[in-house]
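> sequence first, predicted coordinates after that:
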Amino acid sequence: MTTRVLIGFADAFAAIESAWSLADAGHEVFAFARRGTSPPLAASRRVRVVPVTAPEDDAAACVADVVNAAHRLGASVLLPLDDLAVWVADRTDLLVAGATGKAAAFALDKRLQVEAAADAGFAVPARTAAGPWVVKAALAAVELDGKLVRPGGRVAATEADIAAATEELAGPVLVQQLLTGVGEGVFGFATPDGVRAWSSHRRVRMTDPRGSASSACRSIAVEEDLRPRAEMLLASVGWRGMFMLELLRDAAGTPWFMEVNGRPWGSMALAVRRGFDYPVWAVRQALEPAFVPEPPDPEPPHIVCRHLGRELIHLAAVLRGPIADHPGPWPKRGATLAALRPTRADRWYNLRRGERRVFWRDTWSTLSAQAARMRRRTS
């Protein structure tokens with residue numbers, strides 16, 4: 001079934017793989033991007049990028065532009081790819097392949113997620129008597145003076161640091177014990193009869209060794225003990241469609257709950273390459289509410305996926321060495337250099353035959369953005 005699908009934002013980390021997954025399924029794909037920007041996805045032969053007002057400049061104008069683009073292009077479904085897009089999509093009158101209404105509020109409010117996760121039996125980081133702590137914005141998207149802001153988080157070593165971070169971040173915050181460990185993700189597709197198409201990953205390396213998105217990740221089997229807790233959490237809020245539960249497994253083996261991502265996630269390349277076409281299934285469910293996905297059977301072999309630009313940033317960080325307040329161990333230089341050697345078994349994010357311009361443009365864009373961040377810090 002061919003459908004015109006509007007996705008965005010085009011620079012979301014899951015944009016390229018999600019767009020290709022939809023195009024492979026026969027859909028005609030359009031991606032909205034902030035006006036004046038040229039995301040790597042614009043180099044794709046199979047996706048047309050359309051400009052909209054940046055929500056950081058005018059949130060209401062962005063919503064209006066997305067609606068107008070969908071009507072002008074004849075798009076039947078809107079698939080939001082990141083948190084700001086979830087906020088925007090929830091304010092349109094379009095058919096959304098994702099969270100809307102109470103589900104969108106849950107997807108964007110970490111306070112609701114933490115409460116539901118604790119009720120479902122997950123270990124949830126709390127504010128301890130002694131630091132360090134992480135101070136994170138409770139809301140993934142905040143509207144201030146008609147402009148959309150994604151606040152982020154800060155590490156705090158003292159009560160004064162907490163106060164300063166709270167002042168700096170927009171909106172309510174969560175203060176949690178700062179944990180170290182290995183990031184894991186549990187993915188699936190929630191239906192009225194329970195979760196289907198479970199899959200999972202573990203981070204091999206993070207772009208910033210102190211903690212960030214992954215530069216390489218490995219698919220793993222879903223831990224049986226996690227399934228009933230995840231089912232309970234999602235059922236408690238009536239969740240439908242794709243989801244990612246982000247966890248941090250500490251040295252003792254405890255999987256700590258971090259957050260729920262209610263839209264395509266950063267390691268979508270890993271899932272799609274193994275036949276878990278979550279974006280396609282989300283669009284199908286929006287069009288046919290009774291749709292239930294059929295996961296690949298037998299489950300494909302586990303693989304490792306790497307992002308070239310982020311791997312290079314990781315290498316630079318390791319060679320530079322740890323900063324003074326880093327609380328955990330730091331990767332060894334020799335071991336990192338050995339681990340980063342390419343192998344024939346590697347799979348790469350955003351790389352496929354006939355679309356190499358997208359891969360190299362994405363790599364260059366990633367490195368350029370990191371260089372810009374470093375210049376801002378030193379200026």
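Yep, it's here. Numbering: from 1, shown residues only.

> all contacts plus neighbour counts: C-alpha atoms, from now on.
OK.

> what helix or strand is the residue nearest the centre of the chain located in?
Closest residue to the average C-alpha location of the chain: W265 at 3.3 Å, with C-alpha atoms, centre = their mean. Here W265 sits in a region with no helix or strand, counting by DSSP states H and E.

> what's the distance between it and E17?
Relative to E17, W265 is positioned 10 Å away (C-alpha to C-alpha, to the nearest Å).

> so what's R46 up against?
W20, A23, E28, V29 (C-alpha atoms under 8 Å, 6 or more residues apart in numbering).

> go again with 7 Å.
Applying C-alpha atoms under 7 Å, 6 or more residues apart in numbering to R46 gives the contacts A23.

> what's the answer for V304, then?
Applying C-alpha under 7 Å, 6+ apart, the residues contacting V304 are A216, C217, R218, S219, D346, R347.

> tell me which element I7 is part of?
I7 belongs to strand 4-8, assigned by DSSP H and E.

> report the buried residues of the following helix or strand past that strand.
Once the chain leaves strand 4-8, the next helix or strand it forms, by DSSP H and E, is helix 15-24. Residues of helix 15-24 classed as buried by neighbour count (16 or more other C-alpha atoms under 10 Å): A15, I16, E17, S18, A19, W20, S21, L22, A23.

> what are the contacting residues of helix 15-24?
Contacts for helix 15-24 (C-alpha under 7 Å, 6+ apart): V29, L41, R46, L81, M268, A269, D277, P279, V280, N350.

> how near is the fourth one to A89?
According to C-alpha to C-alpha, L81 stands 10 Å off from A89.

> residue boundaries of the strands in the stretch 51-200 of the chain?
77-80, 133-137, 142-144, 147-149, 153-156, 173-177, 182-191, 194-206 (DSSP state E, counting those that start in this stretch).

> what does the fifth one rub up against?
The list of residues contacting strand 153-156 from outside it, by C-alpha under 7 Å, 6+ apart, reads P132, W133, V134, V135, K136, A137, I162, A165.

> flag the least confident of those residues.
Within those, the minimum per-residue pLDDT falls on P132 (90).

> so what's it closest to, chain neighbours aside?
A157 (4.5 Å; C-alpha to C-alpha, 6 or more residues apart in numbering).

> am I right that the one you found is in contact with A130?
No. In this structure A157 lies outside contact range of A130 using C-alpha atoms under 7 Å: 8.6 Å.

> looking at the chain, which helix or strand is least sure?
When each helix and strand of the chain is scored by mean pLDDT, DSSP states H and E, strand 153-156 comes last, with a mean of 90.
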